[in-house]
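J.: predicted model, plus sequence, below.
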Amino acid sequence: MVFFESEIVQEEAKKLFTDYQELMKLGSDYGKFDREGKKMFIDTMEALMERYRVFMKRFELSEDFQAKMTVEQLRTQLSQFGITPEQMFDQMNTTLNRMKSQLD
């Protein structure tokens, strides 16, 4: 089966995209959240980033040509900003850790 024809892959991609969009909408009011709201937002973002990391790892491990091309396209796009996918995840974790430290 072709990687992108997998119902599981399609469902997870759709869910990740939808969850990310909803979280970004919610995040536009982050400054108005109380401490617990901010903590919930950060926890939700961490969980979403972990899901995305696992999803991308599936692409990397796949033998499917389209999946490999998707990984290469991501690497190429990120390289234009001088970063790798691993650095992107590290930077997001750094940002989330900084947000956590500002809660206290």
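T.: That came through, no problem.

J.: and residue 45, how far from residue 62?
T.: Taking Cβ to Cβ, to the nearest Å as the measure, residue 45 falls 26 Å from residue 62. Placement of C-beta: from N, CA and C, glycine included.

J.: what do you get for residue 77?
T.: In terms of Cβ to Cβ, residue 77 sits 19 Å off from residue 62.

J.: so which of those two has more stuff around it?
T.: residue 62 (18 against 11; other Cβ atoms under 10 Å).

J.: burial of the nearest residue to the more buried one once chain neighbours are set aside, as a residue count?
T.: Spatially, and ignoring its direct neighbours in sequence, residue 62 is nearest to residue 3 (5.1 Å; Cβ to Cβ, 6 or more residues apart in numbering). Using other Cβ under 10 Å, the number of residues around residue 3 comes to 16.

J.: per-residue pLDDT, residue 3?
T.: If you check residue 3, the pLDDT there is 81.

J.: double-check it against residue 71; I have them as touching.
T.: No: the criterion here is Cβ atoms under 8 Å, and residue 3 misses it with residue 71 at 10.8 Å.

J.: touching both of those two, which residues are there?
T.: Shared contacts of residue 3 and residue 71, defined by Cβ atoms under 8 Å, 6 or more residues apart in numbering, are found at residue 59.

J.: which other helices and strands does the lengthiest helix in the chain contact?
T.: Secondary structure of the chain per DSSP state H: the longest helix is helix 35-61. For helix 35-61, the packing partners by 3 or more Cβ pairs under 8 Å, 6 or more residues apart in numbering; DSSP states H and E come out as helix 7-27, helix 65-79, helix 85-101.

J.: average pLDDT for stretch 16-36?
T.: On average, stretch 16-36 scores 95.

J.: no further questions, thank you.
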